[in-house]
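Chemist: Provided below are the primary sequence and the corresponding predicted coordinates.
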Amino acid sequence: MMTNQVRLIDEFTKLVAIDSPSFHERQMGDYVKSRLTDLGLLVIEDAAGELIGGDCGNIYGFLNGNIDRKPLLFCAHLDTVEPARGKQAVLGGDGVIRSKGNTVLGADDLSGVAAILEALTVIVEKNVPHGPVEVLFTVAEEAYCKGSAVFEFAKLASDEAYVLDLQGPVGTAAYMAPSILAFTAAIKGKAAHAGFAPQKGIHAIAAAADAIAMMPMGRIDEETTVNVGTITGGLASNIVPDRCVVKGEVRSLSHDKAAKQAALVRRQFERAASAAGAGLDFELMTASEAYETPLDHPVARRFEAACNALGLPVSFIKTFGGSDNNVLAQNGITGIVLANAMRNIHSCEEFTTVEELSRIADLILLLMTAER
Ligand SMILES: [Zn+2]
């Protein structure tokens, strides 16, 4: 039992032609809702759109099973990064599918959406025995997983998940991902004329520079990094700046290590602000929380068996990026992130191939129809 390559490429091409930048997934949401409904799934859109300021909610679908197996969740995100307006999939003679060059392709993550839809289509059309399947198409994943973060996980039946959202050859899966802590340090100094009375001012940028010079930065150890990404402040060359805002992040495969580095960052801002007599407003946001799925867990074993059946080499990796799987893990669902036929993501050189798209669709079909 295999998926239909022509139909799959056609589906992917249709999806790419629908604009769905983060927070503007309405059209895409309507499209996948109608596809899932036509396939006979129970379909629900949640309130994520209103909750996060977008125009579309997360789309949930349920297909009852006809073999005795626990339900499995398949997850992919509907939004794409910019530039994403007017996307078009162009299939080359070499079997490579690219954008026209002025936008991303959106294979991140529409190749995952297409694979899930095609696998469901085969199951329904050919009446293939399958376990209960839950589908979750999320919104605003590219904005630190804002959509999945507000999904009501208590409504899910599954406690195992496959998230399609990873680069690399199909057969690759991530079982470990980092905590990402985003920080914003706002230093409040005092303005003064830089020529007449600099001594009357409190230099917010100098205080920020002091903190940044002394804080941890770059690669801390094999699994931990710290970065300052932006710094803004000051009004004019002749004014002692009264405000400086520094934004950055800490990332680690160990949540404790991330928290420790974030504390060190905070301590340097506190020290520097206090030394300068400035005020400080320090905010820390958990953008994602680390997880590790044991490789002997059934969710990993089932994936391995499906890859073996397709003759795909299996590779379990640690990823240094967050995904919806971080949010699932926080909600008690054990999952892995599957490579789903996307390359050079977040760039206009993004591409996929007919061969890889077919592989991920076949793999999803096998997982949905697996007996255990
Ligand atoms: Zn993605």
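Modeler: Here it is on my side, so go on.
Chemist: please count neighbours and contacts with C-alpha atoms only from this point.
Modeler: Will do.
Chemist: where does the prediction get shaky in the protein?
Modeler: Counting by pLDDT under 70, the chain shows low-confidence ranges at 1.
Chemist: ok, and the closest non-adjacent residue to the residue nearest the centre of it?
Modeler: The residue lying closest to the centre of the chain (C-alpha atoms, centre = their mean) is residue 323, at 3.3 Å. Nearest in space to residue 323, with sequence neighbours left out and distances taken as C-alpha to C-alpha, 6 or more residues apart in numbering, is residue 145 at 6.8 Å.
Chemist: how near is the one you found to residue 271?
Modeler: 33 Å (C-alpha to C-alpha, to the nearest Å).
Chemist: got the buried residues for whatever helix or strand residue 27 lives in?
Modeler: Per DSSP states H and E, residue 27 falls inside helix 26-38. Buried residues in helix 26-38, counting neighbours by 16 or more other C-alpha atoms under 10 Å, are found at 26, 28-29, 32-33, 35-36.
Chemist: what of stretch 277-285?
Modeler: 277-280, 282, 284.
Chemist: contact partners of that stretch?
Modeler: Contact with stretch 277-285 is made by 181-190, 202-204, 207, 266, 269-270, 273, as judged by C-alpha atoms under 8 Å, 6 or more residues apart in numbering.
Chemist: restricting to C-alpha, output that stretch in PDB.
Modeler: Extracted in PDB, the C-alpha atoms of stretch 277-285 (Å, rounded to 0.1, in the frame of the first residue of the first chain):
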ATOM      1  CA  GLY A 277      22.800  54.200  39.400                       C
ATOM      2  CA  ALA A 278      20.400  53.100  36.700                       C
ATOM      3  CA  GLY A 279      17.100  51.200  36.900                       C
ATOM      4  CA  LEU A 280      16.500  47.800  35.400                       C
ATOM      5  CA  ASP A 281      13.500  45.900  34.100                       C
ATOM      6  CA  PHE A 282      14.600  42.300  33.300                       C
ATOM      7  CA  GLU A 283      12.100  39.900  31.700                       C
ATOM      8  CA  LEU A 284      12.600  36.300  30.900                       C
ATOM      9  CA  MET A 285      10.300  34.300  28.700                       C
END
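Chemist: and stretch 221-231, C-alpha only, in CSV?
Modeler: The C-alpha coordinates for stretch 221-231 follow below in CSV (Å, rounded to 0.1, in the frame of the first residue of the first chain):
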residue,chain,number,x,y,z
ASP,A,221,29.4,24.2,26.4
GLU,A,222,28.5,21.5,24.0
GLU,A,223,24.7,21.9,24.7
THR,A,224,24.4,25.5,25.8
THR,A,225,24.6,28.9,24.0
VAL,A,226,23.9,32.5,25.0
ASN,A,227,23.3,35.4,22.5
VAL,A,228,22.5,39.1,22.6
GLY,A,229,20.5,39.7,19.4
THR,A,230,19.5,43.3,19.4
ILE,A,231,20.4,46.5,21.3
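Chemist: off-centre distance for that stretch?
Modeler: 19 Å (C-alpha atoms, centre = their mean, to the nearest Å).
Chemist: touching, residue 346 and residue 81? I think so.
Modeler: Yes - using C-alpha atoms under 8 Å, residue 346 makes contact with residue 81 at a distance of 6.4 Å.
Chemist: what about those two, which has more around it?
Modeler: residue 81 (22 against 17; other C-alpha atoms under 10 Å).
Chemist: list the pairing partners of the next helix-or-strand element following the helix holding residue 27 within its sheet, with orientation.
Modeler: Reading on from helix 26-38 to the C-terminus, the next helix or strand found by DSSP H and E is strand 42-45. Strand 42-45 has the following strand partners under DSSP bridges: strand 59-63 (antiparallel).
Chemist: next, the angle helix 26-38 makes with the strand it pairs with.
Modeler: 10 degrees (axes from the mean of the first three to the mean of the last three C-alpha atoms, to 10 degrees).
Chemist: now do residue 274 against the ion, distance only.
Modeler: According to C-alpha to the ion, to the nearest Å, residue 274 stands 41 Å off from the ion.
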